[in-house]
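Q: Pasting a predicted model and its sequence here:
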Amino acid sequence: MREIVVFSGSAHPALSEEICAHLDVPLRPVRLTRFANDCLEVQLLANCRERDVFVIQPLGPPVQENLVELLLMLDAARGASAARVTAVIPYYAYARSDKKSMPRISIGGRLVADLLATAGASRVLAMTLHAPQVHGFFSVPVDHLHALREFATHFSRLDLANFVVVSPDLGNAKNAAALARMLQLPVAAGAKERHSDQRVTISSIIGDVTGRDVIVLDDEIARGTTVVELLGRLRERDVRSVRIACTHGLFADEALERITAQPLVREIVCTNTLPAAAGSRAELRVISVAPALAEAIRRIHEGESVSALFGAG
C-alpha cells in the first residue's frame, strides 16, 4: 500500500474531517451530481490507483440516499484501480433488519452487506452493530468497534458508589456487562418484548436496581420507545436517577424532548457516529469517536491488529 486516501460521503462530513485531522491526512474531494431524472453520479477527485482507499459514510437519515451514494463511491474507487477499498460505516442502519420476525420479511442487513461487497468494498469498519449476527452477514472482513471505553471514561468522573448499569433488553446485556466491569459496577437488564416499531413492553427488570442510580446502556435511540418504557419500570423500583448512554443518537420524532422530560433523567450521552440531533438540549452530551475510528483506520492501513486495541466487537 503506497498511500492512504480518504473520501467522505455527504452524510457526516464533520466526522470525516475530524478523523482525517487525527490521521494527519487530507480529506480528498468528491463531486456529487444529481441528474434531472434524480439519479446520482459520483466522481472521486483524487488519484486512487494502487492506493489504500477509505470511504466514510454513516447510513443515517436519509438512509437510502446515503446508501446509494456510498455504493457509487465504492464502485468509483474500485473502478479507479484502488489497491483496497474500506467502507467506514460508523452507523450501519440496516443492522436492525437482522432476522425473520414474520413470514416473508426481507433481511435488509444481509442484503445491504452483499451490496457493499458487490459495489467494491474489500473491507468494512463499523461501530456498535445492533446484533452480533450482523457481523456474519458480510462476505468481506469486518472490524467491529464499540464505544464502551469512551462511555467508561465519561462516567468514571462520577461518584459511582450507588450506581448500576442497566440494559433495556437481554440482547444488549453483554455490552452492558462489559461496561459494568470497566466501571466495577453491578448489572441488570430488562425483559423486553417488541410488538412493533412504535410499541414495546418491558415486563420486568432482572437484577437489583431499587434505590440505585442507574446508567442505561443501549446501542441506539431512534424514537425512544424502549427508553421511555424502561424509565416507567425504573420509577416503579424507586431508582434515584438515570443517565442514558447510546452509541447512535438518532432521536427521531422528538425523542430527545420526550426523554429529557422524564423527571429521573439527569443526562443523555451519545457519540458522534451521526450528526447532532436538531434542537439538541443541554442534557445531551456528545462524545467523539473520531480518535477511535482514526486509530482503527491507521491500524488497518499498516496491517496491525484492530481487535487488540478495541476488543472483540
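A: Cool, got the structure. Residues are numbered from 1 along each chain as shown.
Q: ok but residue 54 is inside a strand, no?
A: Yes - applying DSSP: H, G, I helix; E, B strand; the rest coil, one finds residue 54 inside a strand.
Q: count of residues packed around it?
A: 29 (other Cβ atoms under 10 Å). Yep, even glycine has a C-beta here, placed from its N, CA and C like the rest.
Q: Do I have it right that it meets residue 297?
A: Yes - here residue 54 lies in contact with residue 297, judged by Cβ atoms under 8 Å, at a distance of 5.7 Å.
Q: where in the stretch 51-200 of the chain is pLDDT low?
A: Low-confidence segments of the stretch 51-200 of the chain, defined by pLDDT under 70: 195, 197.
Q: quick one, helices of it?
A: If you assign secondary structure with DSSP state H, counting those that start in this stretch, the helices in the stretch 51-200 of the chain sit at 63-79, 108-119, 148-155, 173-183.
Q: Using PDB, write out every CA atom in stretch 261-281.
A: In PDB, the C-alpha atoms belonging to stretch 261-281 read as follows (Å, rounded to 0.1, in the frame of the first residue of the first chain):
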ATOM      1  CA  ALA A 261     -38.900  15.500  30.100                       C
ATOM      2  CA  GLN A 262     -38.800  12.400  32.300                       C
ATOM      3  CA  PRO A 263     -38.000  13.500  35.900                       C
ATOM      4  CA  LEU A 264     -35.500  10.800  36.600                       C
ATOM      5  CA  VAL A 265     -33.200  11.600  33.600                       C
ATOM      6  CA  ARG A 266     -30.100  13.600  34.600                       C
ATOM      7  CA  GLU A 267     -28.100  13.200  31.400                       C
ATOM      8  CA  ILE A 268     -28.100  11.600  27.900                       C
ATOM      9  CA  VAL A 269     -24.800  10.600  26.300                       C
ATOM     10  CA  CYS A 270     -24.300   9.600  22.700                       C
ATOM     11  CA  THR A 271     -21.400   9.600  20.300                       C
ATOM     12  CA  ASN A 272     -21.000  11.500  17.000                       C
ATOM     13  CA  THR A 273     -21.400   8.500  14.700                       C
ATOM     14  CA  LEU A 274     -24.300  10.600  13.400                       C
ATOM     15  CA  PRO A 275     -24.700  14.400  13.100                       C
ATOM     16  CA  ALA A 276     -26.100  16.100  16.200                       C
ATOM     17  CA  ALA A 277     -29.800  15.900  16.500                       C
ATOM     18  CA  ALA A 278     -31.700  19.100  15.600                       C
ATOM     19  CA  GLY A 279     -32.700  21.100  18.600                       C
ATOM     20  CA  SER A 280     -30.200  19.300  20.900                       C
ATOM     21  CA  ARG A 281     -30.800  20.000  24.600                       C
END
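Q: list the buried ones in that stretch?
A: Across stretch 261-281, burial judged by 16 or more other Cβ atoms under 10 Å covers 262, 264-265, 267-275, 277.
Q: any idea which of the residues you listed is closest to residue 247?
A: For the buried residues of stretch 261-281, the residue nearest residue 247 by Cβ to Cβ is residue 271; the value is 5.3 Å.
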